[in-house]
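**Q** Kindly generate the corresponding structure for this input.
(one chain, ligands or ions: 1)
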Amino acid sequence: MNLLDGKKLSNEIKDEIAGEVARMKEKGEKVPHLAAVIVGEDGASLTYVGSKVRACERIGFESTLKKLPESTTEQELLAVVRELNADPAIDGYIVQLPLPDHIDEQKILMAVDPDKDVDGFHPANFGKMAMELESFISATPYGIIEMLRRNGIETSGKHAVVIGRSHIVGRPISILLSQKGPAGNATVTLAHSRTKNLAHLTRQADIVVSALGVPNFLKADMVKEGVVVIDVGITRVPDASRERGYYLCGDVDFKAVSKKASWITPVPGGVGPMTIAMLLKNTLLARQRHRG
Ligand SMILES: Nc1nc(=O)c2c([nH]1)NC[C@@H]1CN(c3ccc(C(=O)N[C@@H](CCC(=O)O)C(=O)O)cc3)C=[N+]21
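**A** Numbers count the residues shown, from 1 in each chain. Here you go, the predicted structure:
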């Protein structure tokens, strides 16, 4: 079994970006500026946004965090989005999901300027991605592609089974794996909650991407020997005996599945850190594109 070490790879990518930022500074150019908007006090969201801000500091980006109260109205949030769209200092920004129930997520995401949409959640970017045009590719699927590509894992002609059809992970990664580009040319099956005989499908898979959010869902008897396993699930399981009061658990029964896998991502330290690195990469791309 080979570990797909997302922590290590994300640090390499961040070092590459930091090098590029240093060159920009030397030439007296403006460095990339990433903003994040967070509404409310969700613990996991705060953790993620905190790592993003730390990563920006480390690589020399400017960063702005806009923390809004849970009671923020849809109109108020739309006003913040329009402000960020109009602010020439901001190269890219994200609106952290999930949003409180009284705010229409779709309405907010549609209001983000696609040229600043470093999450790649706007339909203009999703559509361009699907048509292999220049776009922002969502950070998690982009991170998975980079992990496969940089570890030289063959995807061409392989059967990939993606579990989960979310707009953020399952659907876009299924498209990217089937495309002609890097880590592409796979034959893809997109499985979801209505799929029948899932284990029958995953047992035939050369590559399994699980983006479900159900701890330890994928068991050893559901995969074949030599499978490549990408675990996108990061669930906080409450556990009073831990210092933080919870532990992080992936979709994959790592202990058993790793014995059969040729490559496997751990949780934590797999897809999560890659997501952060690719968000930074998208922000660098945004800066370079805005420059012309
Ligand atoms: N607009 C928006 N864009 C997002 O990309 C977005 C979002 N909203 N909402 C929440 C999810 C979740 N997400 C994570 C990113 C990194 C880790 C990560 O680095 N996890 C570490 C562990 C972190 C910990 O200790 O909790 C790891 O897997 O090793 C986790 C989760 C981005 N998301």
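**Q** which non-adjacent residue is nearest the residue of the stretch 1-150 of the chain at minimum distance from the ligand?
**A** Nearest residue of the stretch 1-150 of the chain to the ligand (Cβ to the nearest ligand atom) works out as Leu97 at 3.9 Å. For every residue, glycine as well, the C-beta is placed using N, CA and C. Nearest non-adjacent residue to Leu97, counting by Cβ to Cβ, 6 or more residues apart in numbering: Glu105, 6.6 Å away.
**Q** helices and strands around the helix or strand bottoming out on mean pLDDT in the chain, which ones?
**A** The least trusted helix or strand in the chain, going by mean pLDDT, DSSP states H and E, turns out to be helix 43-59, with a mean of 90. Identification of packing neighbours for helix 43-59 by 3 or more Cβ pairs under 8 Å, 6 or more residues apart in numbering; DSSP states H and E yields helix 6-26, strand 33-39, strand 62-68, helix 271-291.
**Q** Give me the buried positions along the last one.
**A** Residues of helix 271-291 classed as buried under the neighbour-count rule (16 or more other Cβ atoms under 10 Å) are 271-287.
**Q** Then the first one?
**A** Residues of helix 6-26 classed as buried under the neighbour-count rule (16+ other Cβ under 10 Å) are Gly6, Leu9, Ser10, Ile13, Lys14, Ile17, Ala18, Glu20, Val21, Met24.
**Q** Of those residues, which pair is most distant in space?
**A** Farthest apart among those by Cβ to Cβ are Gly6 and Met24. That separation is 26.2 Å.
**Q** and the protein, which of its residues are near the ligand?
**A** 45, 47-48, 51, 94-97, 119, 139, 234, 248, 267-269, 272-273, 275-276 (Cβ under 6 Å from any ligand atom).
**Q** Of those, grab the buried ones for PyMOL.
**A** The buried residues among the residues of the chain next to the ligand can be selected in PyMOL (16+ other Cβ under 10 Å) with this line:
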select buried, resi 45+48+94+95+96+119+139+234+248+267+269+272+273+275+276
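**Q** in the chain, which residue is closest to the centre?
**A** Residue closest to the average C-alpha location in the chain (Cα atoms, centre = their mean): Thr140, at 1.8 Å.
**Q** Are we agreed that that one is in a helix?
**A** Yes - under DSSP: H, G, I helix; E, B strand; the rest coil, Thr140 falls within a helix.
**Q** ok, the one residue in the chain that gets nearest to the ligand - contacts?
**A** Going by Cβ to the nearest ligand atom, the ligand is nearest to Gly272 of the chain, at 2.3 Å. Under the criterion of Cβ atoms under 8 Å, 6 or more residues apart in numbering, the neighbours of Gly272 are Gly6, Ile234.
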